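[1] how would this look folded up:
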Amino acid sequence: MAEVVIVETPERAGELVAEAILEQVGRRPDSVLGFATGSTPLVVYRALAAALERGDPRAVALSGIRGFALDEYVGLPAGHPESYAEVIRREVCDPLGIPVDRVAVPNGSLDGIETAGERYDRAIAEAGGVDLQILGIGTDGHIGFNEPGSSFASRTRVKTLTEQTRRDNARFFASPDEVPRHCLTQGLGTILEARHLVLLAFGAGKAEAVAAAVEGPLTASLPGSAVQLHPRATIVVDEAAAAGLEHAGYYRYTYENKPSWQRI
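    Next up is the predicted model:
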């Protein structure tokens, strides 16, 4: 069973996950981190930036990590403000003092797209694999851009986005028509190879997906349920996103009574 941590606010979740990242980097300054984009993980990146501003030496050491983004749109021009390469630069690298060339993003250029996934998986393997992977979850249960029906063994590849995902992401674009129809995303099999998965979800709109992912059946129709297969998966949610969890009381009890040497 994944560890489920229920907190009062997204900001508190950001602090907890940031501390887990800082502990990882404190143990191994050349850690490999997996970065998600979207609005959910911003609380983590802001908490890390606050630690850097305080002069936390572990945050200063973030400049030495390696990183890999989960996904990228296909076909957006280089430098497009909503390309995930730009989002990672703007929200992760610049605020945290991480050189841009130390965080890889899948190459969504149409030139060479046929082999881009294989090359990205090879780069992750050559870096030694991901130590801690940050994840969000979509309202339809997707993680990364692994839409319902994605194989649990899938590797980094091109996927066609559902209309629901395009509608969800339209807020980042001038109009819904500008949202690309295709993406290059780490597969569920690739994601599951990370040594620690940390999935965040906030708000009532994510409650159904969280409950299905954590407590529902293991099914490709709900890609987020793949976290049930991982030996070290941590789900951090606020009260609203936890509303559908049948065993919320047990999750609270176990977290409150964890041994002091255990962390998320």
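
[2] Make sure residue 85 is actually in contact with residue 105.
    Yes. Taking C-beta atoms under 8 Å as the contact criterion, residue 85 and residue 105 are neighbours in contact, 4.4 Å apart. Where you see a C-beta, it was placed from the backbone N, CA and C, and this is true even at glycine.

[3] what touches both of these two?
    69, 72 (C-beta atoms under 8 Å, 6 or more residues apart in numbering).

[4] Check which helix or strand residue 183 maps to.
    Using DSSP states H and E, residue 183 sits in strand 182-185.

[5] name the helices or strands packed onto that strand?
    For strand 182-185, the helices and strands in contact under the criterion 3 or more C-beta pairs under 8 Å, 6 or more residues apart in numbering; DSSP states H and E are strand 71-73, helix 113-126, strand 157-160.

[6] now do 6 Å
    Contacts defined by 3 or more C-beta pairs under 6 Å, 6 or more residues apart in numbering; DSSP states H and E place strand 182-185 against strand 71-73, strand 157-160.

[7] Mind pulling the model confidence for the nearest residue to residue 9 once chain neighbours are set aside?
    Nearest non-adjacent residue to residue 9, counting by C-beta to C-beta, 6 or more residues apart in numbering: residue 238, 6.0 Å away. The per-residue pLDDT reported for residue 238 equals 98.

[8] where does the stretch 1-150 of the chain dip in pLDDT?
    In the predicted model, the stretch 1-150 of the chain carries no residue with pLDDT under 70.

[9] Which residue ranges of it form strands?
    In the stretch 1-150 of the chain, the segments counted as strands under DSSP state E, counting those that start in this stretch are 3-7, 32-35, 66-69, 71-73, 103-104, 132-135.

[10] Quick one: the ones you listed as TSV, columns for mean neighbour count too.
    Formatted as TSV, the entries for the strands of the stretch 1-150 of the chain read as follows, by neighbours: other C-beta atoms under 10 Å:
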stretch	mean neighbour count
strand 3-7	20
strand 32-35	23
strand 66-69	22
strand 71-73	23
strand 103-104	19
strand 132-135	25
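
[11] Let's have those strands in JSON lines, adding distance to residue 222.
    Rendered in JSON lines, the data for the strands of the stretch 1-150 of the chain read as follows (distance: least, C-beta to C-beta, whole Å):
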{"stretch": "strand 3-7", "distance to residue 222": "16"}
{"stretch": "strand 32-35", "distance to residue 222": "21"}
{"stretch": "strand 66-69", "distance to residue 222": "23"}
{"stretch": "strand 71-73", "distance to residue 222": "18"}
{"stretch": "strand 103-104", "distance to residue 222": "28"}
{"stretch": "strand 132-135", "distance to residue 222": "14"}
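
[12] C-terminal to the strand holding residue 183, what's the next element?
    Under the assignment DSSP H and E, the closest C-terminal helix or strand after strand 182-185 is helix 188-191.

[13] So which elements touch the helix or strand that comes right after that following helix?
    Beyond helix 188-191 in the direction of the C-terminus, DSSP H and E gives the next helix or strand as strand 197-201. Judged by 3+ C-beta pairs under 6 Å, 6+ apart, strand 197-201 is in contact with strand 132-135, strand 233-238.

[14] centre of the chain versus the shortest one, how much separation?
    It stands for strand 132-135. For strand 132-135, the distance between its averaged C-alpha position and the chain's averaged C-alpha position is 5 Å (C-alpha atoms, centre = their mean, to the nearest Å).

[15] Return the residues in contact with the nearest residue to residue 103 once chain neighbours are set aside.
    The shortest distance from residue 103 to any non-neighbouring residue, by C-beta to C-beta, 6+ apart, is to residue 67 (3.6 Å). Residue 67 sits next to 33, 35, 103 when contact means C-beta atoms under 6 Å, 6 or more residues apart in numbering.
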